[in-house]
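Engineer: quick one, structure for this:
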Amino acid sequence: MAEMVGTPRMIKLLNKDVIEGIIKVNGPITKPEIARLTNLSLVTVNKTVDILVKENKVKLSSVQDSSVGRRAQYFEINEELHYIIGLHYDCNMYIGAVSNSIGDIIYRKEFPVRPDSCDQVMEDTYSALDVLCGFCTGHEIAAIGLGVPGVVKDGVVTSIPNIPSWEGVDVAHVLEEKYGAPVLLENDINLAAMGVYYGQYKEKVDSLALVYLEQGIGSGLILGRELFKGSTNFAGELSYLPVSQGVGRQDGNSRYKGDFEHTMSHLEEEIRQSSGTRRKELKSLLRRTVAGGLLSIICVINPEVVGLVCSQISRADVKGIEDLLKECIGEEHVPKLIKLDDIREQSIYGLIGMCIREITPTYSLSSRKRG
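Structural biologist: Below is the predicted model of the structure:
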């Protein structure tokens, strides 16, 4: 949030931001209703709304007042003011989307990605963005969002086994130079956690953990209704958690560096290749291994909801994991466990939502004077 000294000019900017936000959330809405919600004078609201209309940020709504006499005018956000582009990486594929300024997705398309070399993955990224930008012809592109696996900090990606050629690359800077629009990068699981939380649980809980146990391991953490990333954006990187369960694992060269991730990757591979009694034994080991990983999360952040993404875990397995946790720490401390089959949709909406929040200015008044 930008802190602003309370000069008349700054107060006008604050009023614009507040009124634009009220219209975005509550529109279509009349000027008297805005005045009531903001405690601003009707004169101030009239002037500010007129400025927003002139700037094309707000438009007169087609909604009509049904009362007799002079009909009130309703105002709403101009959803065509600008567009937002999102690219979400998933299994050597980009899921691309374009949204309008209020977050409605109006176009989507999938694009193949060759992750083996930096040149190839950049070429495929440009190709995808060129198509999406082409759809936006005639509209300002307010932001480009990119969801990728790994640790993201200041536009640089590290610990990214799925796209090793991007290790340490300042992807945001490269794309901003080419497309001339703000580029926002975020961990893909963080985005999915945001999508799940804001889509289903925002008004219900204050904390949520989304645990991804597929190609690589990671989690997105919502604490106090906000995404928690830690001091170096490493929060949620579960790969390195020690786990007590064992399984025959290959040593030597491996894309999986951490104990939890290494164990899970080989467990899942053995389950896919097994049957009968051996498969049952491995499934039991899988439940205990996942329960051990979740135990660390629960003991540290005590979330109200945990979402699990793992193709080898059924809803019956989720109940088994829940029972193991209850035996260990007691039922009162076990969060609600939910099985999520496909988080691509949540990831896209989390990505678009992140862009909208980042490009929407918010201000607070300060009593400090300029020195």
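Engineer: my guess is residue 112 meets residue 124, correct?
Structural biologist: Yes: counting by C-beta atoms under 8 Å, residue 124 is a contact partner of residue 112 at 6.7 Å. (Glycine included, C-beta is placed from N, CA and C.)
Engineer: the more surrounded of these two?
Structural biologist: residue 124 (18 against 10; other C-beta atoms under 10 Å).
Engineer: roughly how far does that one sit from residue 89?
Structural biologist: From residue 124 over to residue 89 the distance is 10 Å, taken as C-beta to C-beta, to the nearest Å.
Engineer: okay, and the common contacts of the two?
Structural biologist: residue 113 (C-beta atoms under 8 Å, 6 or more residues apart in numbering).
Engineer: what's the overlap in contacts for residue 112 and residue 124?
Structural biologist: residue 94.
Engineer: quick one, grab the pLDDT at residue 368.
Structural biologist: In this model, residue 368 is scored at 40, pLDDT.
Engineer: kindly report the same for residue 249.
Structural biologist: At residue 249, pLDDT is 43.
Engineer: so who does residue 110 touch?
Structural biologist: By C-beta under 8 Å, 6+ apart, the neighbours of residue 110 are 93, 94, 95, 96.
Engineer: taking those residues, tell me the two that lie furthest apart.
Structural biologist: 93 and 96 (9.8 Å; C-beta to C-beta).
Engineer: which one of the two has more residues nearby?
Structural biologist: residue 96 (20 against 15).
Engineer: helix or strand: which one has that one?
Structural biologist: Counting by DSSP states H and E, the element that carries residue 96 is strand 93-99.
Engineer: what pairs with that strand, and is each one parallel or antiparallel?
Structural biologist: When pairs are called by DSSP bridges, strand 93-99 turns out to pair with strand 82-89 (antiparallel), strand 105-112 (antiparallel).
Engineer: quick check: neighbours shared by residue 93 and residue 96?
Structural biologist: 110, 111.
Engineer: name the SS class of the most centrally placed residue in the chain, please.
Structural biologist: The centre of the chain sits closest to residue 191, judged by C-alpha atoms, centre = their mean, with a distance of 2.2 Å. Assigned with DSSP: H, G, I helix; E, B strand; the rest coil, residue 191 falls in the helix class.
Engineer: what's the pLDDT at the residue nearest to it when sequence neighbours are not counted?
Structural biologist: Nearest non-adjacent residue to residue 191, counting by C-beta to C-beta, 6 or more residues apart in numbering: residue 350, 3.7 Å away. Looking at residue 350, its pLDDT is 92.
Engineer: what's near enough to touch residue 350?
Structural biologist: Residue 350 neighbours (C-beta under 8 Å, 6+ apart): 147, 190, 191, 192, 193, 194, 195, 196, 198.
Engineer: 10 Å instead?
Structural biologist: Applying C-beta atoms under 10 Å, 6 or more residues apart in numbering to residue 350 gives the contacts 86, 88, 145, 147, 186, 188-199, 210, 220, 227, 343.
Engineer: buried stuff in stretch 315-328?
Structural biologist: When burial is assessed from 16 or more other C-beta atoms under 10 Å, stretch 315-328 yields the following buried residues: 317, 318, 320, 321, 322, 324, 325.
Engineer: among those, which one lies nearest to residue 175?
Structural biologist: For the buried residues of stretch 315-328, the nearest to residue 175 is residue 318 (38.5 Å; C-beta to C-beta).
Engineer: correct me, but the closest one touches residue 287?
Structural biologist: Yes: judged on C-beta atoms under 10 Å, residue 318 makes contact with residue 287 at a distance of 9.0 Å.
Engineer: now residue 228: closest residue in space that isn't a chain neighbour?
Structural biologist: residue 221 (4.5 Å).
Engineer: again with residue 80
Structural biologist: Nearest to residue 80 is residue 100, by C-beta to C-beta, 6+ apart, at 6.1 Å.
Engineer: still on that earlier bit, so for the strand holding residue 96, mean pLDDT?
Structural biologist: 95.
Engineer: restricting to C-alpha, output that strand in PDB.
Structural biologist: Included here for strand 93-99 are C-alpha records, laid out as PDB according to Å, rounded to 0.1, in the frame of the first residue of the first chain:
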ATOM      1  CA  MET A  93       2.500 -26.800 -21.700                       C
ATOM      2  CA  TYR A  94       1.400 -23.200 -21.200                       C
ATOM      3  CA  ILE A  95      -2.200 -22.500 -20.400                       C
ATOM      4  CA  GLY A  96      -2.700 -19.000 -21.700                       C
ATOM      5  CA  ALA A  97      -5.600 -16.600 -20.900                       C
ATOM      6  CA  VAL A  98      -6.700 -13.100 -21.500                       C
ATOM      7  CA  SER A  99      -9.000 -11.300 -19.100                       C
END
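Engineer: now that strand: buried residues?
Structural biologist: For strand 93-99, the neighbour count (16+ other C-beta under 10 Å) marks 94, 95, 96, 97, 98, 99 as buried.
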